[in-house]
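Enquirer: My questions concern the predicted model and sequence given below.
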Amino acid sequence: MIHKNQQNNHRPNKTSLTIVVKVGTTSICDEETHFPLLSNLSLLVESVLKLKQNGHRVVIVTSAAVGTGLRRLNMAEKPSKLAARQAVAAVGQGRLMALYDDLFGQFHQPVAQLLLTKNDLADRSQYLNAVSCLEELLDMSVVPIVNENDTISTQGIRFGDNDTLSAITAGMIKADYLFLLTDVDCLYTDNPRTNPDAKPVDICDDISALRSKVSISTSGSSLGTGGMETKLVAADLATAAGVTTIITHGAKPFNMLKIIQGDAITDNADQKKHDIPLNTRFVAKNNPLLDHKWWILHGLHTAGVIVVDDGAARAVTSTLRSSLFAAGIVEVKGSFVAQQAVQIVVRKTINGKLTDMVIGKGLVNYTSIEISRIKRCKSHEIADVLGYVDAECVINRDNLVRVVNDA
Ligand SMILES: N[C@@H](CCC(=O)OP(=O)(O)O)C(=O)O
């Protein structure tokens, strides 16, 4: 954690910003009746319009298809059967968009619907198409409204929660800010509803260190899927892509304007005079991952695991940033084809127990069966073993993302 007066270096300082706003179900639907919280939604729409009037580009990532569908179908609870949940989301998504379109329509503001699954982004050309479509909509001054495509999302191709989806969206368009609007003002050191000593967390530049200092509730609302934990995961993902991430209250969306205005004031004394509402800021990394590497790390499904020896682990993670060669591979887990993404792990004994430590992720040049056959081989031996050579290394350094500090 760092102090407020160190914030100056950590603020986006452009006049036209790209902003992703994630709105959770609890900010849109009443938790018991599931009726829409129209005042919250109207304030959100007015805040987004104000941001646009100030010259910024805004994308909304919205939850509440399921909540809206439950209301429409007069159902009390989210059904446990997957197909039924998907059907409820299909009913709700249309009505949710109709609500946004109605509210923005009062101000002649066009909106667009984008429904994504993890699978859509796993193919590089589809990922780039989704980026181009978002950019085009922003250039047309449309407000894109993104949700997970719940009706076809099943385990494996799901983002699982819209916090993660919003971080992916923010990374895709290299947003300046990601606002995670939720049902509390900010992250606290403990649950403020049960612990009166819980303190607000102002600012954080090291999410792993923060995790050891705060007690995070993992569960979200009865309708949504996220909670504080998924917000930390989202913040980790977005800040790695260079996006300043802020948690603030969903019932007070005008906070976004105040926070951005506060950031535009460079003088700390003047900033103190400015009424900046409670929020938690996650500082964007100074050396964000290159787009291609960020996509490998977060856009691609992990199809298998390659276990490497200590020497290979050192070569890959050191300043040499070496490619991964067959000679350093000790084991292959899972079944995958060339150009799929795999995790790279090294086996360490921690507290007397053998533990696989993740050191990276990368796109392989060979299938899992081929890598099992060439493991421990020198590069010049690959042709003899396989009968052909596609590449002299198993993962090229340009397709290899180290999990720690890669840029
Ligand atoms: N895609 C789902 C929401 C999933 C989700 O992450 O919900 P939340 O925790 O309320 O942000 C829906 O539209 O109902």
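Expert: Happy to help now that I have it. Numbers count the residues shown, from 1 in each chain.

Enquirer: For S323, give me its contacts.
Expert: Neighbouring residues of S323 by Cβ atoms under 8 Å, 6 or more residues apart in numbering: V316, C393, V394, I395, N396, R397, L400. Every residue, glycine included, has its C-beta placed from N, CA and C.

Enquirer: On the three-state scheme, the closest residue to it other than its chain neighbours is what?
Expert: Spatial nearest neighbour of S323, excluding adjacent residues (Cβ to Cβ, 6 or more residues apart in numbering): C393 at 3.9 Å. Three-state call for C393 (DSSP: H, G, I helix; E, B strand; the rest coil): coil.

Enquirer: ok, now which ones touch C393?
Expert: Counting by Cβ under 8 Å, 6+ apart, C393 touches S323, L324, F325, A326, N365, S379.

Enquirer: Recalculate using a threshold of 10 Å.
Expert: For C393, the contacting residues are 322-328, 362, 364-366, 379, 382, 399-400, by Cβ atoms under 10 Å, 6 or more residues apart in numbering.

Enquirer: Where does the prediction get shaky in this protein?
Expert: The chain contains residues with pLDDT under 70 at 1-10, 155-157, 217-226, 266-273, 404-407.

Enquirer: Out of the contacts of C393, which sit inside strands?
Expert: Mapping the contacts of C393 onto strands (DSSP state E) picks out G362, L400.

Enquirer: Can you tell me which of the contacts of C393 is nearest the ligand?
Expert: Of all the contacts of C393, G362 has the smallest distance to the ligand: 28.9 Å, by Cβ to the nearest ligand atom.

Enquirer: what about the closest one, neighbour count?
Expert: 27 (other Cβ atoms under 10 Å).

Enquirer: again with L210
Expert: 20.

Enquirer: which non-adjacent residue is nearest it?
Expert: Closest to L210 by Cβ to Cβ, 6+ apart is C204, at 4.8 Å.

Enquirer: likewise G55?
Expert: Per Cβ to Cβ, 6+ apart, closest to G55 is S16, 4.7 Å.

Enquirer: what kind of secondary structure is that neighbour in?
Expert: Here S16 is recorded as coil under three-state DSSP.

Enquirer: number of nearby residues for it?
Expert: Using other Cβ under 10 Å, S16 has 9 neighbouring residues.

Enquirer: Show the contacting residues for it.
Expert: Contacts of S16 (Cβ under 10 Å, 6+ apart): N54, G55, H56, R57, D176.

Enquirer: same thing but 8 Å
Expert: By Cβ under 8 Å, 6+ apart, the contact set of S16 is G55, H56, R57.

Enquirer: T239: which of the contacts of S323 is nearest?
Expert: L400 (21.3 Å; Cβ to Cβ).
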